[in-house]
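Undergrad: Here is the input, now give the coordinates:
(2 chains)
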Number of protein chains: 2
Amino acid sequence: MSQIDKHTSRMRRSTAADEIKKLILTRNLKPGDLLPTEPELCETLDVSRSSVREAIRTLATLDIVDVRHGHGTYVGAMSLDPMVEALVFRGVLSPEGSLAALREVVDVRLALDLAMADVIVNGALEADSTELAALVDEMIDKASRGEGFLEADRAFHTKLFAVTGNRLAVQLVGAFWDIHTAVIPQLGIAMPADIRHTAEAHGDMLAAALRGDVEGYRKAVVEHYRPLQKSISAATA
Amino acid sequence: MSQIDKHTSRMRRSTAADEIKKLILTRNLKPGDLLPTEPELCETLDVSRSSVREAIRTLATLDIVDVRHGHGTYVGAMSLDPMVEALVFRGVLSPEGSLAALREVVDVRLALDLAMADVIVNGALEADSTELAALVDEMIDKASRGEGFLEADRAFHTKLFAVTGNRLAVQLVGAFWDIHTAVIPQLGIAMPADIRHTAEAHGDMLAAALRGDVEGYRKAVVEHYRPLQKSISAATA
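TA: Numbering: from 1, shown residues only, chains lettered A, B, ... in the order given. Down below sits the predicted model:
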C-alpha cells in the first residue's frame, strides 16, 4: 500500500475530521481563528457528539486544531510537531540505537544547510544581522562559562533560514533541531567538550554570509557540526 | 513557547499515551509487534478504559501504533504520514495559496536531491540499477503514451535515496512526494506538457550516477524539476 493510499484510507475512516477540515476551508478560517463549538459542529456536520470529539482529538494531535481548555477550539498552527513526536520516539526505538537516528537527523540538517547556502548568503540577511550577531555573542558568552546554549542555537538557525522565505524549510530546521535536542539527553551524550568551537562557528557562518562568501559559509557550516558529529561517533564507539 | 515546551506540554497532557510509549520501550517492542489488549493495558498501566482508548487513538494518529480492526493493535511504522496530512492541509489553507506551499516543497526536494548527490553518485548504486532502469523505461513508455507515471516516479526517488542509507532522508523524500502529488490535483495544475522531458531526465540522473558524474547528476536533477516548476509558475501567473 502506497503512502497515498494509506493517507487516503485514514482520511476515509475519520469522516468527521474530514468534515471539520472542509468547514475550515469553506469558512476561510486561518490559524488562530476560533472554530464553532462542539454542539454547533454536531448540528452543522450532522454527526454525533462523540464523533466530533474524536475528530477534534485527531486534528489536535496533528496540530490542525488547537484545543485551549476553557477558551474553545481554534485552527492550529499546522506545525511539524506531530512529526517530531513520532521521530523522537522512533529514534529511541531504532534497532540500530538512537545514535543512528540522531546521525540521520544531523546528516539531513547538514544537507539542507549546504543546499540553502546560496539563497542565505545572497539573501537579504543585512536586515536581520543585528539579532543574529546578538545570538552569536550569547552562544560564545555561555560557552566560555561552560553553559549550554540550546535556545540561542535554535533561534540562530531558524532566523537564518527565515531569509530563504521557505516556511517549510524553516519548520524542518526547527523540527530537526527539536529532535536532536530531545534525543541527546536520552542518549547521555556529554556536551561536546568544545562547545566554544561550535559557538564560534556560528559567528563564522554569519560573517561569511554577510560578506557574500558562499564557500566560506559552507565551510563554517561543516565546521559547526564537527563537535556534534565527534561526540556521536565517540558515543557509538 | 518553544517547540520543545509545546512538545513536552502535549506529552504531559496525555499520560496514558506516555505510559504506552514507555511500555513499548521497556518490552523492547518493534514496529509490527502486537501490543497488549485494551483490558491488559488498563490493568498494567492502572488507567481507565477511556484513557487507554484515547491514548491509542492519539498514538494511531501519530503512526506510533497501528490499529488493525478485528486483529489488534500493533506498534506502528512511525512514518511521516502525520506530517504529510498536516502539510497537505496547510498547503490548501495557505494565505498565499497552495501554489506557494507546493513551490516550497519542490524547493526543499531540490535542495535535498542536490545535497545528497555526492553520496548517491558515489554510493553502491550498481546493485539497484536494474530496478531503477526499469522504472525509467516505465516512465518514458507511459509519457510517450501521454499517461502519468506517479507511482514509478515516487519509487524511483525513494529507491535512489535508499542508497544513502539514511532512513530519514528516504522518508522525507517519500513524504514530500506525497504532499506534492496530493496538492497538484487540488490545484488543477495540468500535467506538464513535457512529461516526456521529465521522464527522460530521470534516465539522465541514473546514467550520470552510474558513470560517477556528480555534476552531470546535479544538472539532470535540476532539469528534471524544470517542467514542474514551469507549470507552477504558469498556474501562479
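Undergrad: May I ask which helix or strand of chain A has the lowest mean pLDDT?
TA: Across the helices and strands of chain A, mean confidence by mean pLDDT, DSSP states H and E is lowest for helix A:3-13: a mean of 41.
Undergrad: what distance separates whichever helix or strand comes after that helix from the middle of the whole chain?
TA: Once the chain leaves helix A:3-13, the next helix or strand it forms, by DSSP states H and E, is helix A:15-26. Here the centre of mass of C-alpha atoms in helix A:15-26, compared against the chain's by CA atoms, centre = their mean, to the nearest Å, lies 26 Å away.
Undergrad: is any part of the helix or strand that comes right after helix A:15-26 close to chain B?
TA: The C-terminal neighbour of helix A:15-26 among helices and strands, as given by DSSP H and E, is helix A:38-45. No. On the criterion CB under 8 Å from any CB of the partner chain, helix A:38-45 is out of touch with chain B, staying 15.8 Å away. C-beta here means a position set from N, CA and C on the backbone, and glycine is covered the same way.
Undergrad: avg pLDDT for helix A:38-45?
TA: Helix A:38-45 carries an average pLDDT of 94.
Undergrad: Show residues contacting that helix.
TA: By CB atoms under 8 Å, 6 or more residues apart in numbering or on different chains, the list of residues contacting helix A:38-45 from outside reads A:16, A:19-20, A:23, A:35-36, A:47-49, A:52-53, A:56, A:73.
Undergrad: does the one residue sitting closest to the centre of chain A sit in a helix, a strand or a coil?
TA: Against the mean C-alpha coordinate of chain A, by CA atoms, centre = their mean, the closest residue is A:Ala175 at 1.7 Å. State at A:Ala175, reduced to three classes by DSSP: H, G, I helix; E, B strand; the rest coil: helix.
Undergrad: distance of it from chain B?
TA: Applying CB to the nearest CB, to the nearest Å, the value for A:Ala175 to chain B is 7 Å.
Undergrad: contacting residues around that residue?
TA: A:79-81, A:83-84, A:87, B:3.
Undergrad: Need the max-distance pair from those.
TA: The largest separation in these, counting by CB to CB, is between A:Ser79 and A:Leu87 at 13.4 Å.
Undergrad: Compare the two (neighbour count), which wins?
TA: Between A:Ser79 and A:Leu87, counted using other CB atoms under 10 Å in any protein chain shown, A:Leu87 has the larger neighbour count: 27 against 21.
Undergrad: Not including adjacent chain positions, what is the nearest residue to the more buried one?
TA: Leaving out its chain neighbours, the residue that sits closest to A:Leu87 by CB to CB, 6 or more residues apart in numbering or on different chains is A:Ile179, at 5.3 Å.
Undergrad: Can you tell me which of the contacts of A:Ala175 has the most neighbours?
TA: The residue in these with the most neighbours, by other CB under 10 Å, is A:Met83 (31 neighbours).
Undergrad: I'd say that residue and B:Met83 touch.
TA: Yes. With the criterion set as CB atoms under 8 Å, A:Met83 and B:Met83 qualify as a contacting pair; they are 3.7 Å apart.
Undergrad: Following element in sequence after the helix or strand harbouring A:Ala208, please.
TA: Assigned by DSSP H and E, A:Ala208 belongs to helix A:195-210. Counting by DSSP H and E, the next helix or strand C-terminal to helix A:195-210 is helix A:214-236.
Undergrad: Buried residues in that following helix, which are they?
TA: Burial within helix A:214-236, assessed by neighbour count using 16 or more other CB atoms under 10 Å in any protein chain shown, is assigned to A:216-218, A:220-221, A:223-225, A:227-228, A:231-232, A:235.
Undergrad: likewise stretch A:109-127?
TA: For stretch A:109-127, the buried set under the neighbour-count rule, 16+ other CB under 10 Å, comprises A:109-117, A:119-121, A:123, A:125.
Undergrad: Next: stretch A:66-81.
TA: If you call a residue buried by 16+ other CB under 10 Å, then stretch A:66-81 has these buried ones: A:66, A:73-81.
Undergrad: Give me the contact status of it with chain B.
TA: Yes. Judged by CB under 8 Å from any CB, stretch A:66-81 comes into contact with chain B through A:78-81.
Undergrad: Turn these into a markdown table, columns for secondary structure.
TA: Conversion of these to a markdown table gives the following (three-state DSSP):
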| residue | secondary structure |
| --- | --- |
| A:Met78 | coil |
| A:Ser79 | coil |
| A:Leu80 | coil |
| A:Asp81 | helix |
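Undergrad: pLDDT and distance to B:Arg103 for those - can I get that in CSV?
TA: Compiled in CSV, these are given as follows (pLDDT from 0 to 100; distance: CB to CB, whole Å):
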residue, pLDDT, distance to B:Arg103
A:Met78, 82, 17
A:Ser79, 80, 20
A:Leu80, 78, 18
A:Asp81, 78, 23
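Undergrad: between those, which is nearest chain B?
TA: Proximity of those to chain B was ranked by CB to the nearest CB; the top entry is A:Met78 with 3.9 Å.
Undergrad: name the element the residue nearest to the closest one when sequence neighbours are not counted belongs to?
TA: Distances taken as CB to CB, 6+ apart place B:Arg90 nearest to A:Met78, at 3.9 Å, with adjacent residues excluded. Using DSSP H and E, B:Arg90 sits within helix B:81-93.
Undergrad: What lies in contact with the helix or strand following that helix?
TA: Note on helix B:81-93: by DSSP H and E, the next helix or strand toward the C-terminus is helix B:98-115. Contacting residues not belonging to helix B:98-115 are listed as A:108, A:110-112, A:114-116, A:166-169, A:172, B:87, B:90-92, B:94, B:169, B:172-173, B:176-177, B:179-180, B:183-184, B:186-187, B:218, B:221-222, B:225, B:228-229, B:232, B:235-236 [CB under 8 Å, 6+ apart].
Undergrad: Thanks again, I'm all set now.
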